[in-house]
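Undergrad: need a 3D model of the sequence below.
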Amino acid sequence: MSTPPLDQLVLASGPVGEAADRLLAGHNAGHLSLGRPAWAVVLAALARRCGQPLLVVPARDEEARDLVTDLEALLGPLAVALWPSRGAVSGGAVGISPHLVGLRARALGVLGAPGRVVVASTPALMERVPARDVRADEVVLEPGMRIDMDALVDRLAGVGYERVPQVEERGEMAVRGGLLDVYPSTADGPVRIDWFGDEVESLRAFSPFTQKTIRPLTRVGIWTAAEPGDIPLVDPLVDPGIGGARVVRLQPADYEGALREALERLEDEAAAGALDDPAMLISRLDDLAVLDLRVPSGTETPAFDVREARFATRGMAEAESEMARLSSDRKRLVVCFARRGDMERTQHLVTRVAPVIMDADGRGAAGGLGGIYPPRPPHRIRLPRSRSGCGARRHAHPATPPRGPRPAHRRPPHRIIP
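TA: Residues are numbered from 1 along each chain as shown. Reported below is the predicted structural model:
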């Protein structure tokens, strides 16, 4: 299997390549000095290169959510799981969002599974979780499976799904004749399950507003929507433990301050005995960590230099200006797309830069992209054919922007990751 072009660029950095080799050999990789914008691409490259499950630990919930967004773009949503902070007492007066419960259950369920990356903030790891023997497993449905609808409804009710006339929110289900509508706690939309006897005939994603089918599905995973109260809680790093996952800490110097802030807003959980001791958590992470990613100090040399986009562009003109800025000074620029159609559409819209689509092995597409190059293009940007990314290089000679009418402003369907 060839290495994706973005990974080739990242692993070509000596310190990152050495860290990957040490992790692959099962050794501790020490630490890497890297700017925050590089963390996602480095973690994705390490996960693919080593093929080992990772538990990535940023200091705060906000950092964890932002990192998951980037990792999902690089690795795919099935390979990444967010472990968010619960923020309330299980079974307390203020209910926990079904979405948060489902995300936490999924993270625990896939932790240590091959090829998975779980991102958990320190406050999330400080919160105790239901013991293994009372934890609900994922309910998996596929067309052709034999399962009694009434039995499935009872099972879903037992893990927190509320029966309603019509599903509108996560954690709800509705029985409509021989159909069962379920809005899984971790999903972006509800699912309609159709039976033929006691066999699942079809699975379909549908709109909760129009009730119309969006697309057929080949598999549906349903995670719990509620954590029951009055059950034994355990420290997550002890039970179930991290399995075969390798722990990567992000800026561990921030852990103490982040946990101190979390204790102030999680007073109810602390009073109920639902939190681990912060000092004990930091000590466990010290023992388990195999790699630290740290922001370079004034005296440290980073593994490679990175530059962050300044803002979310509102049109193609702004996007091209930002791409030109980011690829200046011989910096490589990576443009990632969720869908190939978005990539090809953008390729034909840009005029100030000349994108080059790359094959999976990192080579430029044969024949280039004749017809969209400016007379003397100031930059040549390579666009990936896969979801991953690619490199870009700047021409050695200066140039003036091409003349002519500017394209209509359109909202670019991509994210720029330096």
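Undergrad: state the mean pLDDT of the longest strand anywhere in the chain.
TA: Assignment by DSSP state E gives strand 199-206 as the longest strand of the chain. Averaging pLDDT along strand 199-206 yields 94.
Undergrad: what about residue 350, how many neighbours?
TA: Residue 350 has 20 neighbours, counted by other Cβ atoms under 10 Å. C-beta: built from backbone N, CA, C; applies to glycine.
Undergrad: from the chain's centre, how far out does stretch 222-238 sit?
TA: Its chain's C-alpha centre and that of stretch 222-238 lie 23 Å apart, by Cα atoms, centre = their mean, to the nearest Å.
Undergrad: ditto for stretch 140-160
TA: For stretch 140-160 - counting by Cα atoms, centre = their mean - the centre lies 28 Å from the chain centre.
Undergrad: for residue 166, give its distance to residue 249.
TA: 45 Å (Cβ to Cβ, to the nearest Å).
Undergrad: same question, residue 324
TA: Residue 324 is 36 Å from residue 249, where distance means Cβ to Cβ.
Undergrad: residue 239 now?
TA: Taken as Cβ to Cβ, the span from residue 239 to residue 249 is 21 Å.
Undergrad: more neighbours: the two, which one.
TA: Comparing residue 239 with residue 249 by other Cβ under 10 Å, the one with more neighbours is residue 249, at 25 against 16.
Undergrad: so that one is in which element?
TA: Residue 249 is part of strand 246-250 when elements are defined by DSSP states H and E.
Undergrad: for that strand, packing partners?
TA: helix 39-50, strand 54-57, helix 278-288, strand 289-294 (3 or more Cβ pairs under 8 Å, 6 or more residues apart in numbering; DSSP states H and E).
Undergrad: rerun that using 10 Å as the cut-off
TA: Packing partners of strand 246-250 (3 or more Cβ pairs under 10 Å, 6 or more residues apart in numbering; DSSP states H and E): helix 14-24, helix 39-50, strand 54-57, helix 61-75, strand 117-120, helix 278-288, strand 289-294.
Undergrad: redo these as JSON lines? Include mean pLDDT and distance to residue 160.
TA: JSON lines is the format used below for those (pLDDT from 0 to 100; distance: least, Cβ to Cβ, whole Å):
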{"stretch": "helix 14-24", "mean pLDDT": "91", "distance to residue 160": "38"}
{"stretch": "helix 39-50", "mean pLDDT": "92", "distance to residue 160": "31"}
{"stretch": "strand 54-57", "mean pLDDT": "96", "distance to residue 160": "26"}
{"stretch": "helix 61-75", "mean pLDDT": "92", "distance to residue 160": "22"}
{"stretch": "strand 117-120", "mean pLDDT": "96", "distance to residue 160": "22"}
{"stretch": "helix 278-288", "mean pLDDT": "94", "distance to residue 160": "27"}
{"stretch": "strand 289-294", "mean pLDDT": "94", "distance to residue 160": "34"}
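Undergrad: how about residue 60, what does it touch?
TA: 66, 85, 121-124, 250-251, 254-255, 257-259, 261-262 (Cβ atoms under 10 Å, 6 or more residues apart in numbering).
Undergrad: quick one: pLDDT of it?
TA: According to the model, residue 60 scores 94 on pLDDT.
Undergrad: and if you look at residue 88?
TA: 72.
Undergrad: go ahead and confirm it touches residue 104.
TA: No - Residue 88 is beyond contact range of residue 104, at 12.0 Å (criterion: Cβ atoms under 10 Å).
Undergrad: mutual contacts of these two, please.
TA: Common neighbours of residue 88 and residue 104 (Cβ under 10 Å, 6+ apart) are 96, 127, 227.
Undergrad: buried ones in stretch 204-215, by neighbour count?
TA: For stretch 204-215, a neighbour-count test (16 or more other Cβ atoms under 10 Å) marks 204, 205, 206 as buried.
Undergrad: tell me which of the helices and strands packed on strand 246-250 lies nearest to residue 216.
TA: Across those, residue 216 has its closest neighbour in helix 61-75 (22.8 Å, Cβ to Cβ).
Undergrad: off-centre distance for that closest one?
TA: 4 Å.
Undergrad: now stretch 243-255
TA: The answer for stretch 243-255 is 16 Å, by Cα atoms, centre = their mean.
Undergrad: what's the span of it, first residue to last?
TA: 23 Å (Cα to Cα, to the nearest Å).
Undergrad: next one: stretch 238-256
TA: Span of stretch 238-256 from end to end, Cα to Cα: 20 Å.
Undergrad: for that stretch, buried residues please.
TA: Buried, per 16+ other Cβ under 10 Å, within stretch 238-256: 239-240, 242, 245-252, 254-255.
Undergrad: what's the mean pLDDT across that stretch?
TA: In the prediction, stretch 238-256 has an average pLDDT of 89.
Undergrad: swap in stretch 221-234?
TA: In the prediction, stretch 221-234 has an average pLDDT of 85.
Undergrad: low-confidence ranges in this structure?
TA: 1, 89-94, 240, 307-311, 329-332, 336, 338, 358-418 (pLDDT under 70).
Undergrad: swap in 50 and give it another go.
TA: 361, 363-418 (pLDDT under 50).
Undergrad: residues near residue 224, how many?
TA: Residue 224: 28 neighbours (other Cβ under 10 Å).
Undergrad: the chain should start at 608 in everything you say after this.
TA: In the new numbering, first residue 608, that becomes residue 831.
Undergrad: thanks again, I'm all set now.
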